[in-house]
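Undergrad: what's the 3D shape of this:
(one chain, ligands or ions: 1)
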Amino acid sequence: MSGAALEVEHLWKVFGPRASRIPGSPEADLPRAELRARTGCTAAVRDVSFTVAPGEVFVVMGLSGSGKSTLVRCLTRLVEPTAGAVRIEGDDVSTMTPARLRDLRRRHVAMVFQHFGLLPHRRVIDNIAFGLEVRGESRRDRLARAQEVVDLVGLTGNEQSFPDQLSGGMQQRVGLGRALAADPSLILFDEPFSALDPLIRRDMQNEVVRLHRDMGKTMVFITHDLSEALKLGDRILVMRDGEVVQVGTPDEVVGAPADDYVRDFVSDVPKARVLTLRWLVRDPGDDPVCDGSPLPVQTLVADAAHRVLSTDLPVRVVDGDRTLGVVHRDDVLALLGAGPR
Ligand SMILES: Nc1ncnc2c1ncn2[C@@H]1O[C@H](COP(=O)(O)OP(=O)(O)OP(=O)(O)O)[C@@H](O)[C@H]1O
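TA: Numbers count the residues shown, from 1 in each chain. This is a model prediction of the structure:
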């Protein structure tokens, strides 16, 4: 397929002796523990395929050990895949020479890690400029670019500080700034905010939302935190034991979980704040319909509640000019009662 920012096809990463014999073999289908017992190998990533569109925020979510970090490291071959293909803007990463791969990591793909990976003896401005230095840009150009990014990520006034003089949240802003300085087309985030306390974490999530809105970069974001996934993701891939369990928009994952694992994950979500009227719309049948203004189908149930609950009649739901059906007050009430509000 052309036009995708990232395509991953039948990707495998198996750790252990003679790992390459596992993909495609009968053992490949064994549960992880059994595979390990029989072959000494761990299949961290098993036959994973997905496509990310330009400008999309694609979240990979799963419990600890589900293979998220290994998957994201395979994308630029920080971990060498065992089988399968990765293409970034159409370029096949699997067959790149070491020189092309270096260029890919310096110019096109940036990574933000949980442990910021900052250089402790360098000031903030030089940490942000570091990637530009590595790729040979002049001191003047890289400092000018770094200063732009300092302002963008909210570090103005801290340019001359050293990393250990900053809080965790501020250090992660430096990590974010370093990633943005190179003006990459793809940014990979590996649990970047997991070590931050909840309020700072929320600030940083908002920061990513803002940066994405302003810059429109394609992002792949790894997290084990569902609320983070729902907040940031245009789509979410749920992983378990190295495999893809579900790929969908936040409201698809919450509204139609693929199995009990996903259902468990989303059980505490305030559904009315994630699901749109699409999930409640029904055939109007012969019911009389409330004749006030109709509701657009994209409305969140929580936002539609006041209007729907203010009448005993079903309310019409539309997609543009087209009537899709009606929403009943009982369905809204049931959803408001499902999970914390
Ligand atoms: N270098 C390695 N050698 C052997 N096994 C590994 C290696 N790296 C990861 N694994 C195994 O692969 C599986 C997936 O690990 P991975 O770190 O990718 O999961 P994760 O979802 O990112 O978890 P976490 O959030 O805890 O990092 C685990 O069972 C892990 O033990």
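
Undergrad: Pairing partners for the least confident helix or strand in the chain by mean pLDDT, with directions?
TA: When each helix and strand of the chain is scored by mean pLDDT, DSSP states H and E, strand 290-296 comes last, with a mean of 85. Strand 290-296 sits in its sheet next to strand 315-319 (parallel), going by DSSP bridges.

Undergrad: CA atoms of the strand it pairs with as PDB?
TA: Output of strand 315-319 as PDB, limited to C-alpha atoms (Å, rounded to 0.1, in the frame of the first residue of the first chain):
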ATOM      1  CA  VAL A 315     -34.600  11.900  19.900                       C
ATOM      2  CA  ARG A 316     -33.600  11.800  16.300                       C
ATOM      3  CA  VAL A 317     -30.000  11.100  15.400                       C
ATOM      4  CA  VAL A 318     -28.500  12.400  12.200                       C
ATOM      5  CA  ASP A 319     -25.400  12.100  10.100                       C
END
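
Undergrad: Show me the helices in this structure, by range?
TA: 32-39, 68-75, 98-103, 124-134, 139-152, 168-181, 198-215, 226-232, 250-255, 260-266, 301-309, 329-336 (DSSP state H).

Undergrad: rewinding a little: distance between the least confident helix or strand of the chain and the chain's centre?
TA: 35 Å (C-alpha atoms, centre = their mean, to the nearest Å).

Undergrad: how big is the angle separating that strand from helix 301-309?
TA: In terms of direction (axes from the mean of the first three to the mean of the last three C-alpha atoms, to 10 degrees), strand 290-296 departs from helix 301-309 by 170 degrees.

Undergrad: for the ligand, what are the nearby residues on the stretch 201-341 of the chain?
TA: Residues of the stretch 201-341 of the chain lying close to the ligand (C-beta under 6 Å from any ligand atom) are H224. Bear in mind the C-beta positions are built from the backbone N, C-alpha and C, glycine included.

Undergrad: from the stretch 201-341 of the chain, which residue is nearest to the ligand?
TA: H224 (5.7 Å; C-beta to the nearest ligand atom).

Undergrad: closest one to A19 among the helices of the chain?
TA: helix 32-39 (8.9 Å; C-beta to C-beta).

Undergrad: just for the protein, where's the confidence low?
TA: 1-2, 116, 338-341 (pLDDT under 70).

Undergrad: Apply 80 and report the result again.
TA: For the chain, the stretches with pLDDT under 80 are 1-2, 115-116, 286-291, 337-341.

Undergrad: Break the protein into its domains for me.
TA: 51-271, 273-337 (the TED database).

Undergrad: I'd like those domains laid out as JSON lines, including mean neighbour count and distance to P26.
TA: Shown next, in JSON lines, are the domains of the chain (neighbours: other C-beta atoms under 10 Å; distance: least, C-beta to C-beta, whole Å):
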{"stretch": "domain 51-271", "mean neighbour count": "18", "distance to P26": "15"}
{"stretch": "domain 273-337", "mean neighbour count": "16", "distance to P26": "40"}
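
Undergrad: I'd like the ones you listed as a markdown table, with distance to L11 appended.
TA: What follows is the domains of the chain, written out as a markdown table (distance: least, C-beta to C-beta, whole Å):
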| stretch | distance to L11 |
| --- | --- |
| domain 51-271 | 4 |
| domain 273-337 | 29 |
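
Undergrad: What distance do you get for the residue of the stretch 201-341 of the chain closest to the ligand to L63?
TA: 6 Å (C-beta to C-beta, to the nearest Å).

Undergrad: Kindly report the same for T70.
TA: T70 sits 14 Å away from L63, going by C-beta to C-beta.

Undergrad: Chain neighbours aside, what residue packs nearest to the most centrally placed residue in the chain?
TA: Centre of the chain computed as the mean C-alpha position; nearest residue by C-alpha atoms, centre = their mean is V59, 1.9 Å away. Nearest residue to V59, sequence neighbours excluded (C-beta to C-beta, 6 or more residues apart in numbering): G233, at 3.5 Å.

Undergrad: which residues sit in contact with that neighbour?
TA: 57-59, 221, 249-250 (C-beta atoms under 8 Å, 6 or more residues apart in numbering).

Undergrad: again, only this time at 6 Å
TA: G233 is in contact with 57, 59, 250, counting by C-beta atoms under 6 Å, 6 or more residues apart in numbering.

Undergrad: Is the last one in contact with L230, as I believe?
TA: Yes. The pair formed by P250 and L230 meets the contact definition of C-beta atoms under 6 Å, at 4.6 Å.

Undergrad: Overlap of the contact sets of these two?
TA: Residues touching both P250 and L230 by C-beta under 6 Å, 6+ apart: V274.

Undergrad: coming back round to it: show me the contacts for the residue of the stretch 201-341 of the chain closest to the ligand.
TA: No contacts exist for H224 under C-beta under 6 Å, 6+ apart.

Undergrad: Backbone dihedrals for it, please?
TA: Note on H224: its backbone torsions stand at phi -100, psi 10 [degrees, to the nearest 10].

Undergrad: just L313 next, same as before
TA: Torsion angles, degrees, to the nearest 10, at L313: phi -90, psi 150.

Undergrad: CA-only coordinates of stretch 187-195 in CSV, if you can.
TA: Extracted in CSV, the C-alpha atoms of stretch 187-195 (Å, rounded to 0.1, in the frame of the first residue of the first chain):
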residue,chain,number,x,y,z
ILE,A,187,8.0,10.1,16.5
LEU,A,188,8.0,6.9,18.6
PHE,A,189,7.1,7.2,22.3
ASP,A,190,8.0,4.3,24.6
GLU,A,191,6.0,4.8,27.8
PRO,A,192,7.4,8.3,28.1
PHE,A,193,5.3,9.4,31.0
SER,A,194,5.1,6.3,33.1
ALA,A,195,7.6,7.5,35.7
